[in-house]
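Undergrad: make a model of this:
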Amino acid sequence: MNYTGLQIKGVPYSRAKSRGDIEGCKRWTDAVIEQTRSLPCVKQACVVKVTFLLPPDKFPSNFPYGPDLDNLLKRFMDALNVTIFCEAQGKDSCIVSLTVSKSRVPSKDEAGAHLEILPVSLV
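TA: Numbers count the residues shown, from 1 in each chain. Predicted coordinates:
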């Protein structure tokens, strides 16, 4: 596997919702799986960088910095375990270095996540 870079479209969600757009979490998980399904599987150690691109409604006045990165990352990695990491022993535990950030984008049309994966050798 070589370097992989991809922009995944959709509105990122972190956990199940009890109000508002209840189906948003499932749509995001499904979008990640569908848009990464054709990528080569990771079978070795790798470095991963994820930038979540969040629309304005993800930054309400009581959470001016947006959703927690660790919660966004959990749902995202669980979806990638179905596709990119499905053949790696230990699934996403093959990630030896991880950089995660979030950024505000002007609209839901520009929302998603930018994913970069670079295989590395631990020898």
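
Undergrad: use CA for all of it now, contacts and neighbours both
TA: OK.

Undergrad: tell me the helix or strand right after the helix or strand harbouring Gln7.
TA: Using DSSP states H and E, Gln7 sits in strand 4-9. Per DSSP H and E, strand 4-9 leads on to helix 24-36 as the next helix or strand towards the C-terminus.

Undergrad: that following helix: which residues count as buried?
TA: For helix 24-36, the neighbour count (16 or more other Cα atoms under 10 Å) marks 24-25, 28-29, 31-33, 36 as buried.

Undergrad: C-alpha coordinates for it, PDB please?
TA: C-alpha atoms of helix 24-36 as PDB (Å, rounded to 0.1, in the frame of the first residue of the first chain):
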ATOM      1  CA  GLY A  24     -27.300  11.900  11.100                       C
ATOM      2  CA  CYS A  25     -25.000   9.500  12.900                       C
ATOM      3  CA  LYS A  26     -26.000   6.600  10.700                       C
ATOM      4  CA  ARG A  27     -25.700   8.700   7.500                       C
ATOM      5  CA  TRP A  28     -22.200   9.700   8.500                       C
ATOM      6  CA  THR A  29     -21.100   6.100   9.300                       C
ATOM      7  CA  ASP A  30     -22.600   4.900   6.000                       C
ATOM      8  CA  ALA A  31     -20.900   7.700   4.100                       C
ATOM      9  CA  VAL A  32     -17.500   6.900   5.500                       C
ATOM     10  CA  ILE A  33     -17.900   3.200   4.700                       C
ATOM     11  CA  GLU A  34     -19.200   3.800   1.200                       C
ATOM     12  CA  GLN A  35     -16.600   6.400   0.300                       C
ATOM     13  CA  THR A  36     -13.700   4.200   1.600                       C
END
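
Undergrad: ok, Leu80 - contacts?
TA: With contact set as Cα atoms under 8 Å, 6 or more residues apart in numbering, Leu80 has these partners: 32-33, 36, 86, 92.

Undergrad: that older thread, may I have the strands that pair with the strand holding Gln7, each with its orientation?
TA: Using DSSP bridges, the strands paired with strand 4-9 are strand 112-119 (antiparallel).
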